[in-house]
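Enquirer: make a model of this:
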Amino acid sequence: MSDRSPLLWGLYEQACIGNGSGAVSLWTHPADERLSALGLRYWLDLGRRAEEAGLDLFFFGDVLGLYDTYRGSADTALEWGVELPAHDPLLHIPALAAVTDHIAFGATVSTTYEHPFAHARRFSTLDHLTAGRIAWNIVTSYLPGAAANFGLDVIAHDTRYDRGDEFLDVVYRLWEGSWEQDAFIGSKAERRFADPAKVHQIDYRGSLFQVAGPHLSVPSPQRTPVLIQAGWSPRGREFAATHAELIFVGESDPVKIREGLADIRRRAEELGRDPSQIRAVVGLNQIVAPTRIAVQQKIDDFQSYYSSEAQLAAYAGWSGIDFSAYRDDEPLAKQQTNATQIAGTKPDTPPLLAGDVRRQFSKVTAFADDRFIGTPTEVADNVERFVDESGVDGFLIHQFISPGSLDEFTELLVPELRERGLFGGFPASGTLRSRLRDDRADLLPADHPAAAVRRG
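Expert: Numbers count the residues shown, from 1 in each chain. Next comes the predicted model:
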């Protein structure tokens, strides 16, 4: 066992019934409780379970439109509830924070369809209400339906990141540059709320946004929430190198992950940032049972409630490719879409056929990594090997059925992970940023672009 830092373990969720992180159609399984996700009781129970399991982060993904690429309509997505209903995860977090003490929360919010002034106010509020346990997963949004919902056309992939850069410039000035750290007094004896001389308008005038300020919140425990980013394209890596503290890696090949993270950290160092403070987590779709026979029985059980059509509809939305338009023997050419960018096969390898994709998605384990399917000993061994090969700093658990997959992780896999020093040890108190950083600081460091606009 190497002298690695304690791993961060989180739960990936979406505020919906048809959660796309495992197998989107398994809400139909008799043991799955996601139909009750419309109400608060389900989320309070899941939050308590995640904290009792010793997890460090409760992460919410989110979408703002229907998955309507597959077969040219949203019918399949509606029939199977693909990432639906898409409720607002920010409204879940205060309730979860009220029944937990340690676990932190990450929420996905798009820079394309939000306004930075309102966004900054919401996240300052959440940072106060959670005592600094909040992170923002920065996305730029890719669904055409989402753009249409806001009366817009889809913005080109790289241009969305340009907008994101300006959005962040605005919120940094609100979070860091509007109120000086000691501007809030709150003194009954002095009968004084704040020092007006230490509260500043930002008077931002950019190409996209004009914001006067000042920010409407007093400085929160972290001021700026922990910044998570998942872009893996060249432009996404540039964006991450500039802003991100935690990378949510979408890649599954550990060698490619190590290379990609090295590229992001190299870019960050060139920008004057400390690359060692940029952490990374990757998704983990595990199926664990005491024996190999029990593992296969569980897979077969899941398969009987699985819809490949639902999963193809989800994947078509992510990639922007309508697989129904291809014959089985037709090769899928590399495509540069305005959706999440999906690379094709390399020139020196056989082309990927549409039939290959359909066969892959005929299995409930289409998105699961074989390394994380097996007995507790087998999976724990492979988790350790994956960490050493990839260099990631943690994992986000994706559930096949809820809360059964989380319970399976807690009861069967955690003891094996603890034995190897792979679970536990991540700080459980303080702000989320202080837990992530070596210096245990609550605020962004001086080498981050947000610090350049900080006053006082």
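
Enquirer: what sits against the nearest residue to residue 447 once chain neighbours are set aside?
Expert: Nearest non-adjacent residue to residue 447, counting by C-beta to C-beta, 6 or more residues apart in numbering: residue 273, 4.8 Å away. Just so you know, the C-beta spots here come from the backbone N, C-alpha and C atoms, and that holds for glycine as well. The neighbours of residue 273, taking C-beta atoms under 8 Å, 6 or more residues apart in numbering as the test, are 241, 447, 448.

Enquirer: so residue 273 versus residue 62, what's the distance?
Expert: The spacing between residue 273 and residue 62, counted by C-beta to C-beta, to the nearest Å, is 27 Å.

Enquirer: and for residue 208, the neighbour number?
Expert: Neighbour count of residue 208, defined by other C-beta atoms under 10 Å: 12.

Enquirer: helix/strand/coil for it?
Expert: Here residue 208 takes the coil state, with states given by DSSP: H, G, I helix; E, B strand; the rest coil.

Enquirer: pretty sure it contacts residue 164?
Expert: No. Contact criterion C-beta atoms under 8 Å: residue 208 and residue 164 do not qualify, at 10.3 Å.

Enquirer: re the thing from before, and the contacts of residue 273, which are buried?
Expert: For the contacts of residue 273, a burial check counting by 16 or more other C-beta atoms under 10 Å picks out 241, 448.

Enquirer: which of the contacts of residue 273 lies closest to residue 284?
Expert: When these are ranked by distance to residue 284 (C-beta to C-beta), residue 241 comes first, at 24.9 Å.

Enquirer: that closest one contacts residue 267, correct?
Expert: Yes. In this structure residue 241 lies within contact range of residue 267 using C-beta under 8 Å: 3.5 Å.

Enquirer: helix or strand right after the helix or strand bottoming out on mean pLDDT in the chain?
Expert: When the helices and strands of the chain are scored by mean pLDDT, DSSP states H and E, helix 144-149 comes last with a mean of 85. Following helix 144-149 in sequence order, the next helix or strand is helix 157-177 (DSSP states H and E).

Enquirer: list the helices and strands the following helix or strand past that next one packs on?
Expert: Later in the chain than helix 157-177, the nearest helix or strand by DSSP H and E is strand 184-187. Counting by 3 or more C-beta pairs under 8 Å, 6 or more residues apart in numbering; DSSP states H and E, the packing neighbours recorded for strand 184-187 are strand 192-194.

Enquirer: pLDDT value on residue 400, please?
Expert: At residue 400, the predicted lDDT confidence score is 96.

Enquirer: so for it, what's the nearest residue that isn't a sequence neighbour?
Expert: Using C-beta to C-beta, 6+ apart, the nearest residue to residue 400 is residue 22, at 4.2 Å.

Enquirer: and residue 371, what does it touch?
Expert: 379, 382, 383, 385, 386.

Enquirer: at 6 Å instead, please
Expert: Residue 371 makes contact with residue 382 under the criterion C-beta atoms under 6 Å, 6 or more residues apart in numbering.

Enquirer: residue 47 now?
Expert: 96, 99, 100.

Enquirer: tell me how many other residues crowd residue 89.
Expert: Taking other C-beta under 10 Å as the criterion, the count of residues near residue 89 is 24.

Enquirer: quick one: it and residue 426, what's the gap?
Expert: 23 Å.

Enquirer: give me the nearest residue to residue 180, chain neighbours excluded.
Expert: Excluding the flanking residues, the one nearest residue 180 by C-beta to C-beta, 6+ apart is residue 456, at 2.9 Å.

Enquirer: quick one: pLDDT of the one you found?
Expert: For residue 456, pLDDT reads 75.

Enquirer: how about the strands in this structure?
Expert: 8-14, 57-61, 104-110, 134-139, 184-187, 192-194, 204-205, 210-211, 226-229, 246-249, 279-284, 287-288, 373-374, 394-397 (DSSP state E).

Enquirer: quick one: the last one to chain centroid distance?
Expert: Taking the mean of its C-alpha atoms, strand 394-397 sits 10 Å from the chain's own mean (C-alpha atoms, centre = their mean, to the nearest Å).

Enquirer: by contact count, what packs against it?
Expert: Applying 3 or more C-beta pairs under 6 Å, 6 or more residues apart in numbering; DSSP states H and E, one finds that strand 394-397 makes contact with strand 8-14, strand 279-284.

Enquirer: run the last query once more with 10 Å
Expert: Counting by 3 or more C-beta pairs under 10 Å, 6 or more residues apart in numbering; DSSP states H and E, the packing neighbours recorded for strand 394-397 are strand 8-14, strand 57-61, strand 246-249, strand 279-284, helix 376-390, helix 404-408.

Enquirer: of these, which is nearest residue 138?
Expert: strand 246-249 (10.1 Å).

Enquirer: sheet partners, orientation included, of that closest one?
Expert: Neighbouring strands of strand 246-249 in its sheet, by DSSP bridges, are strand 226-229 (parallel), strand 279-284 (parallel).

Enquirer: so for the shortest one, what gets flagged as buried?
Expert: Neighbour counts using 16+ other C-beta under 10 Å place 226, 227, 228, 229 of strand 226-229 among the buried residues.

Enquirer: returning to what we had before: can you lay out the helices and strands packed on strand 394-397 as a markdown table showing mean pLDDT, distance to residue 84 and mean neighbour count?
Expert: Below are the helices and strands packed on strand 394-397 laid out as a markdown table (pLDDT from 0 to 100; distance: least, C-beta to C-beta, whole Å; neighbours: other C-beta atoms under 10 Å):
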| stretch | mean pLDDT | distance to residue 84 | mean neighbour count |
| --- | --- | --- | --- |
| strand 8-14 | 97 | 10 | 25 |
| strand 57-61 | 97 | 13 | 25 |
| strand 246-249 | 97 | 22 | 24 |
| strand 279-284 | 97 | 20 | 22 |
| helix 376-390 | 97 | 31 | 18 |
| helix 404-408 | 97 | 20 | 19 |
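
Enquirer: relative to residue 82, which of the ones you listed is closest?
Expert: Between those, strand 8-14 lies closest to residue 82; by C-beta to C-beta that is 10.7 Å.

Enquirer: report the angle between the closest one and strand 57-61.
Expert: Calculated by axes from the mean of the first three to the mean of the last three C-alpha atoms, to 10 degrees, strand 8-14 forms an angle of 30 degrees with strand 57-61.

Enquirer: alpha carbons only: can I get strand 8-14 in PDB?
Expert: Extracted C-alpha coordinates of strand 8-14, given in PDB (Å, rounded to 0.1, in the frame of the first residue of the first chain):
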ATOM      1  CA  LEU A   8     -12.800  10.800  -1.300                       C
ATOM      2  CA  TRP A   9     -16.000   8.700  -1.700                       C
ATOM      3  CA  GLY A  10     -19.300  10.100  -2.900                       C
ATOM      4  CA  LEU A  11     -22.700   9.200  -4.100                       C
ATOM      5  CA  TYR A  12     -23.800  10.300  -7.600                       C
ATOM      6  CA  GLU A  13     -27.500  11.200  -7.800                       C
ATOM      7  CA  GLN A  14     -30.000  13.100  -9.800                       C
END
